[in-house]
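# Only the shape, not the letters, is given here:
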């Protein structure tokens, strides 16, 4: 049977938007009814002064909030029913720039303008109620604030076909084909258990991602060590090892060539190594944090030192690998081996989790039990973590795609960063639970001696290694205030840099893009606020500032030959970069 053409569908005749006159009549009826209920309610309160006060329900503040809400509602109804007679509705700057309602239809059509304004009214009052609530501690308030924002975002009229003018227009225009196309998208996502953000066929590791030439020179049950081919005749004597987070794939630092931090670092004359972590499976059910320090970071550092016959390395730790790098430095210091690391660079890494942001909402006992239930084989499916991170930016990473790809039926646009974001890795359950419990919940890493690695107590205050600490001004995963606390724990020379943008774009910001900015200050101050107050702003990427700092640590160089060429030293090439672990699910 031939599928009907859009012009043949009866949808456009069967489904019509109510006329403005009809909407005005019924909204007047509803508005008048609400006004009568409000007047009756207020009169009852005034006539029954002996009515008992119920805390949190009928106390004066609650009554005032209800009165304010209904007063604002009446203003909105009046503006909709008789705009010429009503006072203009003042719109906040935040509402005016809300991308969900940027289409002119949300303002030009009185019905949808009223829907939009009503949504803002309800949202504002709900969020204001959380701020004014008495009798709860700051942590409970933050949890309630997070939950309320999530609810408010989910209930946006842009998320529903009947209240989104763009979806209605598209449905009439295509005869419903957009909804069928969107249903295909939704069913595909349901089958794989994960929300799609980008064209799944646009990118592939080794085809147009992770393209920097190199070789895998070591493989262990925990990681592959990749050494990259030099592009300069001479290289800095001290090599660089990068520890990416094992929560994600390492190629966030090796996206397309023009965005690749790894390629850029190689082009600056560094001998670059990267650790590519294995995605957890049942064989890693007993892996704990000690293993990522001992068998991961320290093992990789010693391997590179032996391979190149050097005394020390520069080390970078990104996010959770940066947290682990801080612990590694403390362990090396306690063992009298601190000189194995010439310098340490931290990308958006935390050690003091007191201000760790909204991820703190996911570390209570119920969440711990859920993780155990989801991990019968000793590892946590990476899709759980992906969903958690999406929730932190639900408006952008969930509901935006529900509207565009499910309701409007739009095709996915190619975007390398979002491809990486959806390329999940599994986590060892024992490690993950202890990480959430010991660091996020109990904040033990900043308590000297509270944690240990293979029997060696961790004391971050003993770390004297020169450190470059980068934070993202708009980071929602590792808030800048939390990252800044690293400067209070480490006691060696420190350069702190506050970069524009967030957890990913604040790091992956190549100089050629000429985007964002960063702030530096020779005086750290006593808080991030103090640092920013006296900071100098520089336009563009902070990468050149970092390489200048690296050269200041040790500018010695040598010819790029012998073991500086991957596979030409004592460790032979096992495979071409990017290796096999990055492709395992």
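Looks like it arrived, so ask away. Small disclaimer: the values here were computed from a predicted structure and weren't measured. Numbering: from 1, shown residues only.
# For the rest of this, base every contact and every neighbour count on C-alpha atoms.
Will do.
# and the closest residue in space to residue 475 that isn't next to it in sequence, what is it in contact with?
Excluding the flanking residues, the one nearest residue 475 by Cα to Cα, 6 or more residues apart in numbering is residue 502, at 3.9 Å. Residues near residue 502 by Cα atoms under 8 Å, 6 or more residues apart in numbering: 472, 473, 474, 475, 476.
# do residue 477 as well
For residue 477, the contacting residues are 356, 357, 358, 359, 389, 392, 503, by Cα under 8 Å, 6+ apart.
# Check which residues of stretch 551-561 are buried.
residue 560 (16 or more other Cα atoms under 10 Å).
# same deal with stretch 293-301?
293, 296, 297, 298, 300, 301.
# One more: stretch 186-200?
Buried-residue list, stretch 186-200, by 16+ other Cα under 10 Å: 186, 194, 195, 196, 197, 198.
# I'd say the second one and residue 385 touch.
Read it as residue 194. No. Taking Cα atoms under 8 Å as the contact criterion, residue 194 and residue 385 are not neighbours in contact, 10.7 Å apart.
# Count the residues that sit near residue 518.
The local packing of residue 518 (other Cα atoms under 10 Å) involves 24 other residues.
# so it, which of the three states?
Using DSSP: H, G, I helix; E, B strand; the rest coil, the structure places residue 518 in strand.
# and if you look at residue 395?
Three-state call for residue 395 (three-state DSSP): helix.
# ditto for residue 217
Under three-state DSSP, residue 217 falls in the strand class.
# before we move on, the earlier item: now intersect the contacts of residue 477 with the helices, please.
389, 392 (DSSP state H).
# nearest to residue 92, of the contacts of residue 477?
Set against residue 92, the nearest of the contacts of residue 477 by Cα to Cα is residue 392 (23.5 Å).
# count of neighbours near residue 422?
Residue 422: 20 surrounding residues under other Cα under 10 Å.
# Surely it and residue 386 touch.
Yes. Counting by Cα under 8 Å, residue 386 is a contact partner of residue 422 at 7.2 Å.
# Apart from its chain neighbours, what residue comes closest to residue 145?
Nearest one to residue 145, counting by Cα to Cα, 6+ apart, is residue 130 at 6.3 Å.
# Just list whatever residues bridge to residue 277.
residue 223 (DSSP bridges).
# Contact partners for it?
With Cα under 8 Å, 6+ apart, residue 277 has these contacts: 222, 223, 224, 246, 249, 250, 581, 582.
# got the contact list for the first one?
For residue 222, the contacting residues are 277, 278, 292, 295, 296, by Cα under 8 Å, 6+ apart.
# ok, 10 Å please
Residues near residue 222 by Cα atoms under 10 Å, 6 or more residues apart in numbering: 275-280, 284, 287, 291-292, 295-296, 581.
# ok, back up a step: okay, and the common contacts of residue 194 and residue 385?
residue 424.
# what's the closest of the buried residues of stretch 186-200 to residue 534?
residue 197 (39.4 Å).
# Just confirm that closest one is within a helix.
No. Checked against three-state DSSP, residue 197 lies outside a helix; its state is coil.
# Quick check, it in contact with residue 406.
No. The pair residue 197 / residue 406 is not scored as a contact, 11.5 Å apart, by Cα atoms under 10 Å.
# and for the two, which residues touch both?
Contacts common to residue 197 and residue 406, judged by Cα under 10 Å, 6+ apart, are residue 400.
# what about stretch 348-356, distance to the chain center?
14 Å (Cα atoms, centre = their mean, to the nearest Å).
# and the end-to-end length of it?
11 Å (Cα to Cα, to the nearest Å).
# one step back: could you export the contacts of residue 277 as JSON lines, including pLDDT?
Listed next are these as JSON lines, based on pLDDT from 0 to 100:
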{"residue": "222", "pLDDT": "98"}
{"residue": "223", "pLDDT": "98"}
{"residue": "224", "pLDDT": "98"}
{"residue": "246", "pLDDT": "95"}
{"residue": "249", "pLDDT": "96"}
{"residue": "250", "pLDDT": "97"}
{"residue": "581", "pLDDT": "98"}
{"residue": "582", "pLDDT": "97"}
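# Please identify which of these is nearest to residue 521.
Nearest to residue 521 among these: residue 250, at 30.4 Å, using Cα to Cα.
# same for the helix or strand residue 191 falls within, what does it pack against?
Per DSSP states H and E, residue 191 falls inside helix 177-192. If you count contacts as 3 or more Cα pairs under 10 Å, 6 or more residues apart in numbering; DSSP states H and E, helix 177-192 packs onto helix 165-174.
# what angle separates the helix it packs on from helix 177-192?
110 degrees (axes from the mean of the first three to the mean of the last three Cα atoms, to 10 degrees).
# For helix 165-174, buried residues please.
Neighbour-count burial for helix 165-174, counted by 16+ other Cα under 10 Å, picks out 165, 166, 167, 168, 169, 170, 171, 172, 174.
# packing partners for that helix?
When contacts are defined as 3+ Cα pairs under 10 Å, 6+ apart, helix 165-174 sits against helix 11-14, helix 105-108, helix 177-192.
# how about those helices, which one is nearest residue 139?
It's helix 177-192; of the helices and strands packed on helix 165-174, that one is closest to residue 139 (Cα to Cα) at 33.8 Å.
# ok, residues contacting that closest one?
Applying Cα under 10 Å, 6+ apart, the external contacts of helix 177-192 come out as 5-6, 161, 167, 170-172, 176, 193-196, 383, 402-412.
# Backbone dihedrals for residue 539, please?
The phi and psi values for residue 539, taken as degrees, to the nearest 10, are phi -70, psi 150.
# Which residue, other than its chain neighbours, is closest to it?
residue 517 (4.2 Å).
# where do the strands sit along the stretch 351-500 of the chain?
379-380, 427-428, 452-453, 456-457, 467-472, 494-499 (DSSP state E, counting those that start in this stretch).
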